[in-house]
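In: Provided below for reference: sequence and predicted model.
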Amino acid sequence: MRLGAHISTAGGAYRAFARAREATCDSFLIFTKSNRQWAAKPFTDDDIAFYKDAVAEHADLHPVSVHAAYLINVASPDAALWEKSYLALREEVERAGALGVDFITFHPGSYMTSSEQEGLDAVTRAMRRLLDETADTAPNTVVCLETMAGQGTNLGGRFEHLAYVLANAGPSNRLGVCFDTCHVFAAGYDIRTPEAYAATMMEFDRVVGLDRIRCFHFNDSKHGLGEGKDRHDHIGRGQIGLSGFANFVNDPRWADFAAHLETPPTEDGEDGTTIDMNQVNLAALRGLLASSSA
Ligand SMILES: [Zn+2]
């Protein structure tokens, strides 16, 4: 697989490339704006030119994925918040398109005071409009709904939620799924053993279709199977464990797919040094490849 991590864009999106290389990424994930604010500073011509130069200079580092801001909730029953969310999501997709980014992942959202069905219809409405309104500005950027942990009124914790939106947003190869290991496990789908993994993948295929998976988030889970709690952990330190990740990295179906860590990039070492946890986690994943084990 094309393994990588979430990488900081502090100082400009183009700066992520050198940081990704330092972290031993094959591929990486970025935010193109503050993930906890609505407003985005528009890209200047220089921002885009610097980014495209970096793409050319680091041609082996691909694909790049963007994660949309966490505030966006296109499942919201509040018309004003829905519109604000939609416009923010559209802007995120347009920014990804301007950079020529391959994938943008977003959280399907929470239905709050409405119902699951109303929430799913609200997300579907957003996807239809989004695919239409960004057909020219982001023609090669695939919009991915992320699998979620099933917390509260969050949508995306059941494969059926994703299937509903994908089926009703109209056929598009620009709409797919980002499969987050921590979230899927927290939502109750086991992936720890080869048998459990195979069963979960068969279920995903039956309900959604494996061909809709476009990228992965690789996070271990601090909480147990089906607890519905979204807390990422470093690879092998959580409840999924190394055996779970071995199932993914050795599955030939995902050989060309990107998988990105979303865990804290550093940790303090005992001797006061700073440990690059992306390097540690990526080494752990690469160590699971069947060909590299004795
Ligand atoms: Zn994720």
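Out: All right, it came through fine. Everything numeric in this text was worked out from a predicted model, so none of it was measured.
In: can we go C-alpha only for contacts and neighbour counts from here?
Out: OK.
In: Any regions of this structure where pLDDT drops low?
Out: 291-294 (pLDDT under 70).
In: Recalculate using a threshold of 50.
Out: Where the chain drops to pLDDT under 50, the residues are 293-294.
In: any chance you could map the helices in the stretch 1-150 of the chain?
Out: Taking DSSP state H, counting those that start in this stretch, the helices of the stretch 1-150 of the chain run over residues 15-22, 45-57, 79-99, 116-133.
In: Out of those helices, which is closest to residue 233?
Out: helix 15-22 (19.9 Å; C-alpha to C-alpha).
In: Strands of the chain, residue ranges please.
Out: All strands of the chain, identified by DSSP state E, fall at 2-6, 27-30, 64-67, 103-106, 142-146, 175-180, 213-217, 220-221, 232-233, 258-261, 266-268, 274-276.
In: List the buried residues for the last one?
Out: Right, the one you point to is strand 274-276. residue 276 (16 or more other C-alpha atoms under 10 Å).
In: thought residue 51 was touching residue 98?
Out: No: counting by C-alpha atoms under 8 Å, residue 51 stays clear of residue 98, with 9.9 Å between them.
In: Would you list the phi and psi of the nearest residue to residue 71 once chain neighbours are set aside?
Out: Closest residue in space to residue 71, ignoring its immediate chain neighbours: residue 36 at 6.3 Å, by C-alpha to C-alpha, 6 or more residues apart in numbering. Main-chain dihedrals, residue 36, degrees, to the nearest 10: phi -120, psi 20.
In: Serialize the helices of the stretch 1-150 of the chain to TSV and add fields for distance to residue 146 and mean neighbour count.
Out: Formatted as TSV, these follow (distance: least, C-alpha to C-alpha, whole Å; neighbours: other C-alpha atoms under 10 Å):
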stretch	distance to residue 146	mean neighbour count
helix 15-22	22	18
helix 45-57	25	15
helix 79-99	14	20
helix 116-133	12	19
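In: Dump those helices into TSV; add distance to residue 155 as well.
Out: Formatted as TSV, the helices of the stretch 1-150 of the chain follow (distance: least, C-alpha to C-alpha, whole Å):
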stretch	distance to residue 155
helix 15-22	30
helix 45-57	34
helix 79-99	15
helix 116-133	7
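In: Residue 240 is nearest to which of those helices?
Out: helix 15-22 (25.2 Å).
In: Give me the angle between the closest one and strand 2-6.
Out: Computed by axes from the mean of the first three to the mean of the last three C-alpha atoms, to 10 degrees, the angle separating helix 15-22 from strand 2-6 equals 120 degrees.
In: So which elements touch helix 15-22?
Out: strand 27-30 (3 or more C-alpha pairs under 8 Å, 6 or more residues apart in numbering; DSSP states H and E).
In: Try it again at 10 Å.
Out: Under the contact criterion of 3 or more C-alpha pairs under 10 Å, 6 or more residues apart in numbering; DSSP states H and E, helix 15-22 touches strand 2-6, strand 27-30, helix 45-57, helix 277-286.
In: Who are the contact partners of the residue lying closest to residue 128 once chain neighbours are set aside?
Out: Nearest residue to residue 128, sequence neighbours excluded (C-alpha to C-alpha, 6+ apart): residue 169, at 5.0 Å. For residue 169, the contact set (C-alpha atoms under 10 Å, 6 or more residues apart in numbering) comprises 121, 123, 124, 125, 126, 127, 128, 129, 130, 131, 175.
In: Which member of these is positioned nearest residue 74?
Out: residue 123 (5.3 Å).
In: which one is residue 258 nearest to, not counting chain neighbours?
Out: residue 2 (4.5 Å).
In: The one you found and residue 156, how far apart?
Out: 24 Å (C-alpha to C-alpha, to the nearest Å).
In: now do residue 182
Out: 13 Å.
In: Just list the residues touching the nearest residue to residue 4 once chain neighbours are set aside, thanks.
Out: Using C-alpha to C-alpha, 6+ apart and skipping the chain neighbours, the partner closest in space to residue 4 is residue 25 (4.2 Å). Neighbour list for residue 25: 2-7, 17-19, 60-62, 260, 278-279, 282 [criterion: C-alpha under 10 Å, 6+ apart].
In: Can you tell me how far residue 25 is from residue 268?
Out: Residue 25 is 21 Å from residue 268, by C-alpha to C-alpha.
In: Count the residues that sit near residue 266.
Out: Neighbour count for residue 266, taken as other C-alpha atoms under 10 Å: 13.
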